[in-house]
Structures are given as structure tokens and as C-alpha cells.
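A.B. asks: what would the 3D arrangement of this be:
(4 chains)
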Number of protein chains: 2
Amino acid sequence: MATKPKFTAQHEQIARIAKALSHPARVYILEKLNGLQTCCTSGEMIGDIPIARSTLSQHLKELKYSGLIQGDIEPPKIKYCINRKNWKIAKMILNDFMK
Amino acid sequence: MATKPKFTAQHEQIARIAKALSHPARVYILEKLNGLQTCCTSGEMIGDIPIARSTLSQHLKELKYSGLIQGDIEPPKIKYCINRKNWKIAKMILNDFMK
DNA sequence: AAAACATTTCGTAATTTTGCGAAACATAAA
DNA sequence: TTTATGTTTCGCAAAATTACGAAATGTTTT
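C.D. replies: Numbers count the residues shown, from 1 in each chain, chains lettered A, B, ... in the order given. Got it, this is the predicted structure:
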């Protein structure tokens, strides 16, 4: 019996991770938070990229939703950091896929 | 003088590669062509995924445009293969980014 | 020349993404 | 309590993505 095929959960997971990395602003954010080993406020990021504050905020929200970053509130600022656990998982999944 | 920042070429390159991987149909195609070490026609792929032939064709076109795959015409079929050179480059760039 | 085959292109629609400025929110300082 | 600071949410618009079926393309077989 020919059942209707679906995308596999694995393919969807890889696609979701890739999507998080699919915009230069998000690549910049992730690189800054991961590469420089620091947490960082949106105010410290906005000077480096050609988008409005509200747009940056949207990208941060998306990355938070993806689980790759997290935001720690330190009034009146919000310090964004890499979520090390999920970053490691994403790294393994992508590296394995690109083998 | 405060000049308007731009996204860097590197950030844009990473984003472009990630975008190619950001849809489950394209993940499936790349996995099939790379993982199974074979070339493959669109007719051989269509049975495995829940999209129309014309939509699959669009995704193939996008992957061709990204440089990650290539299509060799063998009338009346078209055999799609991984572009090993570009795949290797993409792999290095992504792995380095995810370090 | 007609029919069959494999695939793409076209036209179009629905949805998602990206972007901005204005307004709102929350906290701290004056 | 007003003002200042840092950031997000809202409302909206423009652009890009995803999707489909129908028609077109190019090739081989009959």
C-alpha cells in the first residue's frame, strides 16, 4: 500500500537548525556570542550591523526560539548568551550531516 | 566618521550555505546524493517526499544555483550529483563556524 | 509523424520572512 | 514622580519562499 511519504523528523531538525543560521544578522549574533566567548546586549550588537533595533530584536527572538541562545535579564539590560548545550547538539547534527 | 556597517562577506556566505539546507526537501536531496554516494534523477526522488514534481524541480534548481549539486543530462533523464568540490568547501565553512 | 517519457517552466496563490518606525514596557536614576 | 535608558512589541508593508497544476520542452521509441 502506497502511503503518503512525510519528511523525516531528522530532515526537519536539520532544516530548522540551518534556518536559524540562514540570515547574516543571525550568523553575526551567533558568531559574536560563541566566537568571542562573551555575553552581550542588543545595544552592543546594533552598531555592527545594518538593521534597525526592532529588527535585531526580532532576530534575537528567533534565535531564542530556536534554542541556540538565551537571554539573561540584568536590568535595565538583557545579556544574550549562547546556549552551550543546544549549540553543541546543533553542531553535532550539522557536522554529521555534512560528513 | 561613523560609516554605515554592512554584513561581512563571510557572514553572508555562511547564511547562503545555511539557507540551502533550510528546507527538509533540500536536506533530503543532499543527503540522498551525498550519503548514498549516488547520482539520482528527480523521478527517483519524488516517491520519497510529500511535494509535487514541479516543487521538487524548484528545490533542485535552488541547490544547483547554490553550487552544492549539479545536473548531468542523460536523455531523457537528468542525473543529479553532489558537487564534491563545493560540498567540501561548504562543509569546512560550516564546521569552522560551528566550532 | 505520433506517442511516450522525464523533467522543467509558467502563472498564480498562500504563507513566511524581513524590515521599519512608533509606541509600549520595565527598571534605574534624579 | 519625572526623566533617562535599554529593549521589545505592535502595526504594517514589501519581498521572498513554498506550493500546485497545466502547459511546454526535449528526447526516444514506435
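A.B. asks: stretch A:62-75 and DNA strand D, any residue contact?
C.D. replies: Yes: applying Cβ under 7 Å from any atom of the strand, one finds stretch A:62-75 in contact with DNA strand D at A:Gly71. Where C-beta positions appear, they are placed from N, C-alpha and C, glycine not excepted.
A.B. asks: where does the closest residue to A:Phe7 other than its chain neighbours fall, phi/psi-wise?
C.D. replies: Spatially, and ignoring its direct neighbours in sequence, A:Phe7 is nearest to B:Pro24 (3.8 Å; Cβ to Cβ, 6 or more residues apart in numbering or on different chains). Note on B:Pro24: its backbone torsions stand at phi -60, psi -30 [degrees, to the nearest 10].
A.B. asks: what's the neighbour count on the residue nearest to A:Gly47 when sequence neighbours are not counted?
C.D. replies: Leaving out its chain neighbours, the residue that sits closest to A:Gly47 by Cβ to Cβ, 6+ apart is B:Pro5, at 7.0 Å. Using other Cβ atoms under 10 Å in any protein chain shown, B:Pro5 has 13 neighbouring residues.
A.B. asks: just the one 5 residues further on next, same as before
C.D. replies: If you count neighbours by other Cβ under 10 Å, B:Gln10 ends up with 15.
A.B. asks: and it, helix, strand or coil?
C.D. replies: Under DSSP: H, G, I helix; E, B strand; the rest coil, the three-state class of B:Gln10 is helix.
A.B. asks: any weak-confidence spans in chain A?
C.D. replies: Across chain A, the ranges flagged by pLDDT under 70 are A:1-4.
A.B. asks: enumerate the residues of it near chain B.
C.D. replies: Listed as neighbours of chain B in chain A under the rule Cβ under 8 Å from any Cβ of the partner chain: A:4-8, A:11-12, A:14-15, A:18-28, A:30-31, A:34, A:47-50, A:87, A:90-91, A:94-95, A:97-99.
A.B. asks: contacts only, for A:Ile14.
C.D. replies: Shown in contact with A:Ile14 (Cβ atoms under 8 Å, 6 or more residues apart in numbering or on different chains): A:93-94, A:97, B:21, B:24, B:27.
A.B. asks: just among these, which is most surrounded?
C.D. replies: Neighbour max across the contacts of A:Ile14 (other Cβ under 10 Å) = B:Leu21, 26 neighbours.
A.B. asks: correct me, but it touches A:Gln13?
C.D. replies: No: the criterion here is Cβ atoms under 8 Å, and B:Leu21 misses it with A:Gln13 at 11.3 Å.
A.B. asks: tell me who's in contact with the spatially most central residue of chain A.
C.D. replies: Central residue of chain A (Cα atoms, centre = their mean): A:Leu63, 3.7 Å from the mean position. Contacts for A:Leu63 were tallied using Cβ under 8 Å, 6+ apart; they are A:20, A:26, A:29-30, A:69.
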